[in-house]
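1. Have a look at this prediction, sequence included:
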Amino acid sequence: HLTTSLPLPSERDHLRPRIDMIVFMIDIKSKYSLKNVEASLAHVDASFFLGKVCFLVTGVGRVNYCSVEMNAIWKLGEVYCSPVLFCELELEGIRIATAQRLLRMLQICAGHIPGVSALSFGTLMRSSADD
């Protein structure tokens, strides 16, 4: 399910399936997308930041057209203890690899991978990013 911002409309709460993971997309060419994500973060329950949130930064192949400071993006990941993934949606191979990575993360967050919790996976993601 997709939404452009949070909070979600409450009138459809009874129809909404369980939310296993939230992916915040930030277009590196748009300051508005970063501001929208920052505003939406206030509406996310704190328990989601224990491995069930990630930030997907798009447009990374166009660094010359950046409107968003990379430090601001890294800080979001750090402050919210959530992984930051980078993707160039216009390149099919990268788009497919990113989709597969997100799907695997979702499977873990939803509890479909025995022996791996969202919290432990989040820790592994942060550890590998530090290397």
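-> Sure thing, it's come through. Residues are numbered from 1 along each chain as shown.

2. Listing request: residues of the chain with sub-threshold pLDDT.
-> Within the chain, the segments meeting pLDDT under 70 span 62-63, 121-131.

3. That one: strands as residue ranges?
-> Counting by DSSP state E, one finds strands in the chain at the ranges 22-27, 53-58, 84-87.

4. can I get the ones you listed in JSON lines with mean neighbour count?
-> (Each C-beta comes from the backbone N, C-alpha and C, glycine too.) Formatted as JSON lines, the strands of the chain follow (neighbours: other Cβ atoms under 10 Å):
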{"stretch": "strand 22-27", "mean neighbour count": "19"}
{"stretch": "strand 53-58", "mean neighbour count": "22"}
{"stretch": "strand 84-87", "mean neighbour count": "19"}
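
5. Point out the one among these that comes closest to R101.
-> Across those, R101 has its closest neighbour in strand 84-87 (6.7 Å, Cβ to Cβ).

6. That closest one packs against which elements?
-> For strand 84-87, the elements it packs on are strand 53-58, helix 70-79, helix 92-109, judged by 3 or more Cβ pairs under 8 Å, 6 or more residues apart in numbering; DSSP states H and E.

7. Out of the ones you listed, flag the one nearest I22.
-> Comparing the helices and strands packed on strand 84-87 against I22 with Cβ to Cβ, the closest turns out to be strand 53-58 (4.9 Å).
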